[in-house]
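Peer 1: task: produce atomic coordinates for the following.
(4 chains)
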2 protein chains.
Amino acid sequence: MADTDINARIAPWLKHWSVDDLSHAQAWLEHMSVKAYRADDVLVHAGEHSDTLYLLESGLVRLFYITPDGKERNKAFFSAGQITGPVSAAITSSPAPFTIACLEPTEAISFRFRDLLHATRHNQDLAQLYRDMLADAFIRNEQREAMLLTCNAQQRYDWLLAHEPNLVERVAQFHIASYLGVDAVSLSRLKSKNRQ
Amino acid sequence: MADTDINARIAPWLKHWSVDDLSHAQAWLEHMSVKAYRADDVLVHAGEHSDTLYLLESGLVRLFYITPDGKERNKAFFSAGQITGPVSAAITSSPAPFTIACLEPTEAISFRFRDLLHATRHNQDLAQLYRDMLADAFIRNEQREAMLLTCNAQQRYDWLLAHEPNLVERVAQFHIASYLGVDAVSLSRLKSKNRQ
DNA sequence: ATGTCGCATTAACATTTGTTAAGTTGTTAA
DNA sequence: TTAACAACTTAACAAATGTTAATGCGACAT
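Peer 2: Have a look, this model is predicted:
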């Protein structure tokens, strides 16, 4: 896809994040690419070294870990307007700790983390974008850590209904269970208990 | 305590974090203060609005949440050379989600988050310090989230022995149990099973 | 219409983890 | 030395959660 198309597609997001100044951002913009994915397509494989992040234009992806017993556990879900990818791995040059796969057909603009990081050195708008991105992920992880550490299965489900009710409608229940760290059968049981 | 003392005490840490340039850092440095705490002293109360972070010079503190059932669960431990405090709360101007209390007599240099954040606007060294601080906390939260989401009690304990063996020696076992999200009695039982 | 497939539900049972209580040990202070 | 206290251990039991299997249900393709 031609650069002009990407420029047109990235523009509204830059505006949304108050990025007006594009100086020193050439490398970042030039290495962007747009791609459409089908459900179950994988954007990042756990264990691989990836420096690529994704700005989702449409669709829905999930990030998931593999447990020591070989089961999947969903770390997070992301949809249109959000940036996701193996950020911690990119920062530390480590292999990605989780896999990213599509739950729905998804369109995403990908870019290289190092290009963004490099651009932040001389571009204050992008430095701010980077800080906001990190802060957002940081706070998300912390709240989730708190929930996993302090809540039982029922409380986790209540938390989800209160904080991310749209997720419950949009993704399959066994994926919700995996997100909460409980078995799909246990979640179903909880729901039926709640009904009585 | 006089500023000159603080300057002398903060200097080695600034050097350690490669902060050479102190331009635009006056407010940050001026609002610093040093204090000694006893075991069980509280630095930050959950629920209070705090903009203060702490650079620990000695000792050991724990951060803990309160569960919906009213029990304590340890989020993290920090010791000399580390910066801690309600970072996410400071970023979002929210009440602190956890309490910070001393497990050992502790000396700490406190400073205001907003002063550091403000200084990052024109001081690249401090901007880098801020990024490193956030990245560090971010990665710590993510690894912990992964452990809590994917591991059972035995696997969590193994993880701890592998990743933070010194903690096991330094803090009481019931605090370790709280850190792992299991009951103190359950952890004791696990250990005795492992012995056989 | 029918078969297939994936997901949700339900039930019975197994395992893990929490709870309570009692006993032990080590430390500290009188 | 003794008393008091807190942490750890152990055991018995309760509750929560995982596992397996059977059933149902709806979407979708043939």
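Peer 1: quick check, stretch A:162-180 touching DNA strand D?
Peer 2: No: Stretch A:162-180 lies out of reach of DNA strand D by Cβ under 7 Å from any atom of the strand, never closer than 7.6 Å. C-betas here are computed from N, CA, C, even on glycine.
Peer 1: now the end-to-end length of that stretch.
Peer 2: The stretch stretch A:162-180 measures 14 Å between its terminal residues, going by Cα to Cα, to the nearest Å.
Peer 1: what lies in contact with it?
Peer 2: Outside stretch A:162-180, the residues within contact range by Cβ atoms under 8 Å, 6 or more residues apart in numbering or on different chains are A:60, A:62, A:64, A:72-77, A:79, A:103, A:153, A:156-157, A:160-161, A:183-184, A:186-188.
Peer 1: count of neighbours near A:Ala46?
Peer 2: A:Ala46: 18 surrounding residues under other Cβ atoms under 10 Å in any protein chain shown.
Peer 1: now do the SS call for it.
Peer 2: With DSSP: H, G, I helix; E, B strand; the rest coil as the basis, A:Ala46 sits in coil.
Peer 1: quick check on it: phi, psi?
Peer 2: Main-chain torsions, A:Ala46, degrees, to the nearest 10: phi -60, psi 140.
Peer 1: let me see the contact set for the closest residue to it other than its chain neighbours.
Peer 2: Leaving aside its sequence neighbours, A:Ala46 sits nearest to A:Thr99 (Cβ to Cβ, 6 or more residues apart in numbering or on different chains; 4.4 Å). Applying Cβ under 8 Å, 6+ apart to A:Thr99 gives the contacts A:42, A:44-46, A:63-64, A:66.
Peer 1: the residue nearest to A:Lys191 when sequence neighbours are not counted and chain B, how far apart?
Peer 2: Computed as Cβ to Cβ, 6+ apart, the closest residue to A:Lys191 that is not its neighbour in sequence is A:Tyr157, at 7.7 Å. With distances taken as Cβ to the nearest Cβ, to the nearest Å, A:Tyr157 is found 12 Å from chain B.
Peer 1: again with A:Ser79
Peer 2: Distance from A:Ser79 to chain B, counting by Cβ to the nearest Cβ: 20 Å.
Peer 1: same question, A:Val87
Peer 2: 8 Å.
Peer 1: what distance do you get for the nearest residue to that residue once chain neighbours are set aside to B:Gln155?
Peer 2: Of all residues not flanking A:Val87 in the chain, A:Ala137 sits nearest, at 5.9 Å (Cβ to Cβ, 6+ apart). Distance of A:Ala137 to B:Gln155, computed by Cβ to Cβ, to the nearest Å: 25 Å.
Peer 1: the two: who's more crowded?
Peer 2: A:Ala137 (20 against 15).
Peer 1: packing partners of whichever strand or helix holds A:Glu142?
Peer 2: Take DSSP states H and E as the rule and A:Glu142 turns out to sit in helix A:124-150. With contacts taken as 3 or more Cβ pairs under 8 Å, 6 or more residues apart in numbering or on different chains; DSSP states H and E, helix A:124-150 sits against helix A:87-92, helix A:113-119, helix A:153-163, strand B:60-66, strand B:72-79, helix B:87-92, helix B:124-150.
Peer 1: is it possible to export those to JSON lines including distance to B:Asn166?
Peer 2: Shown next, in JSON lines, are the helices and strands packed on helix A:124-150 (distance: least, Cβ to Cβ, whole Å):
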{"stretch": "helix A:87-92", "distance to B:Asn166": "21"}
{"stretch": "helix A:113-119", "distance to B:Asn166": "32"}
{"stretch": "helix A:153-163", "distance to B:Asn166": "31"}
{"stretch": "strand B:60-66", "distance to B:Asn166": "11"}
{"stretch": "strand B:72-79", "distance to B:Asn166": "9"}
{"stretch": "helix B:87-92", "distance to B:Asn166": "23"}
{"stretch": "helix B:124-150", "distance to B:Asn166": "15"}
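Peer 1: now the helix or strand in which A:Val185 is found and helix A:153-163, what's the angle there?
Peer 2: Using DSSP H and E, the element containing A:Val185 is helix A:184-195. Interaxial angle of helix A:184-195 relative to helix A:153-163 (axes from the mean of the first three to the mean of the last three Cα atoms, to 10 degrees): 80 degrees.
Peer 1: what mean pLDDT does helix A:184-195 have?
Peer 2: Here helix A:184-195 scores 96 as its mean pLDDT.
Peer 1: hmm, that helix touching DNA strand C?
Peer 2: Yes: judged by Cβ under 7 Å from any atom of the strand, helix A:184-195 and DNA strand C are in contact via A:184-185, A:187-189, A:191-192.
Peer 1: ok, which residues in chain A are in contact with DNA strand D?
Peer 2: Chain A comes close to DNA strand D at residues A:69, A:152-154, A:181-183, A:185-186, A:189-190, as judged by Cβ under 7 Å from any atom of the strand.
Peer 1: out of the residues you listed, the closest to A:Arg144 would be?
Peer 2: Proximity of those to A:Arg144 (Cβ to Cβ) peaks at A:Gly181, which lies at 9.9 Å.
Peer 1: got a list of what the closest one touches?
Peer 2: Shown in contact with A:Gly181 (Cβ under 8 Å, 6+ apart): A:73, A:148, A:156, B:148-149.
Peer 1: next, whichever residue of chain A sits closest to DNA strand C: phi, psi?
Peer 2: Distance from DNA strand C to each residue of chain A (Cβ to the nearest atom of the strand) is smallest for A:Gln173, at 2.9 Å. When read as degrees, to the nearest 10, the backbone of A:Gln173 gives phi -60, psi -30.
Peer 1: what is the burial count for it?
Peer 2: 12.
Peer 1: how about the contacts made by the most centrally placed residue in chain A?
Peer 2: By Cα atoms, centre = their mean, chain A has its centre lying nearest to A:Thr84, at 3.6 Å. Shown in contact with A:Thr84 (Cβ under 8 Å, 6+ apart): A:53-54, A:56, A:61, A:63, A:76, A:78, A:100.
Peer 1: I'm done for today, thanks for sticking with me.
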